[in-house]
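A predicted structure for the sequence below; I have some questions about it.
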Amino acid sequence: MSTTKWVTDPTHSEIGFKVKHMMFTNVSGKFSKFDATIESENNDFENSKIEFTGAIDSITTGNADRDTHLLSPDFFDAAQFPEIKFSATSFTKINEGEYELVGDLTLHGVTKSINLAAEYGGLMKDPWGNTKMAFSLEGKINRKDWGLNWNSALETGGVLVSEEVRLNIELQFLQQ
């Protein structure tokens, strides 16, 4: 059986995350430089080979001072750990259009397994004749599991930055 390769369409994809700030509001961010590929043997994508890399120095949260702090050794230490990587270990169809994606996330020099819920958006041709497909992914990780420990206690109790990071990922792929 032949393998089909899919690459991200970066203009129609987003790797986003949200973290609670001061225990009551969310701060959103995203990676603006990334690449993801899928190698599949069929159109149900089950057991596909899925790889992702992102440039840590491309993190943006809409605030230059915060972005600079995130790149520092307090958080991602972009100089020492310039990439985030993900490699799927399984991609299982749960129901029509719903999958569970399990894989190894490498961040800040640490590799741990994570689970993501994946929703298949469909397969279609764009106006220029290219075959495209899309997935939406969601999940949660604890940043401390990857050694991202910086925080500051609040006078009123609690901490400045939540340990939980919610991942919100929209990927559109182009068939090669």
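Here it is on my side, so go on. Numbering: from 1, shown residues only.

I figured Glu14 was touching Ile169, is that so?
Yes: between Glu14 and Ile169 there is a contact under C-beta atoms under 8 Å: 7.1 Å. (Each C-beta comes from the backbone N, C-alpha and C, glycine too.)

Comparing these two, which residue is more hemmed in?
Ranked by neighbour count (other C-beta atoms under 10 Å), Glu14 and Ile169 place Ile169 first, with 23 against 14.

partner residues bridging the more buried one?
When bridges are called by DSSP bridges, Ile169 pairs up with Ile15, Leu137.

what sits against it?
Glu14, Ile15, Gly16, Leu116, Phe135, Ser136, Leu137, Glu138 (C-beta atoms under 8 Å, 6 or more residues apart in numbering).

likewise Gly139?
Going by C-beta under 8 Å, 6+ apart, the list of residues near Gly139 reads Ile114, Asn115, Leu116, Ala117, Arg166, Leu167.

And those residues, which is closest to Pro10?
Ranked by distance to Pro10 (C-beta to C-beta), the contacts of Gly139 are led by Leu167 at 17.6 Å.

how about the helices in the protein?
Counting by DSSP state H, the chain has helices at residues 64-71.

How much space separates Thr53 from Leu71?
Per C-beta to C-beta, to the nearest Å, Thr53 is found 17 Å from Leu71.

Could you do Thr106 as well?
Counting by C-beta to C-beta - Thr106 and Leu71 are separated by 17 Å.

ditto for Lys144
From Lys144 to Leu71 the distance is 19 Å (C-beta to C-beta).

again with Phe86
20 Å.

So between those two, which is more surrounded?
A direct count of neighbours by other C-beta under 10 Å for Phe86 and Leu71 places Phe86 higher, at 22 against 18.

partner residues bridging the residue lying closest to the more buried one once chain neighbours are set aside?
Closest residue in space to Phe86, ignoring its immediate chain neighbours: Phe52 at 4.0 Å, by C-beta to C-beta, 6 or more residues apart in numbering. Legend: beta-bridge partners of Phe52 under DSSP bridges are Ala36, Phe86.
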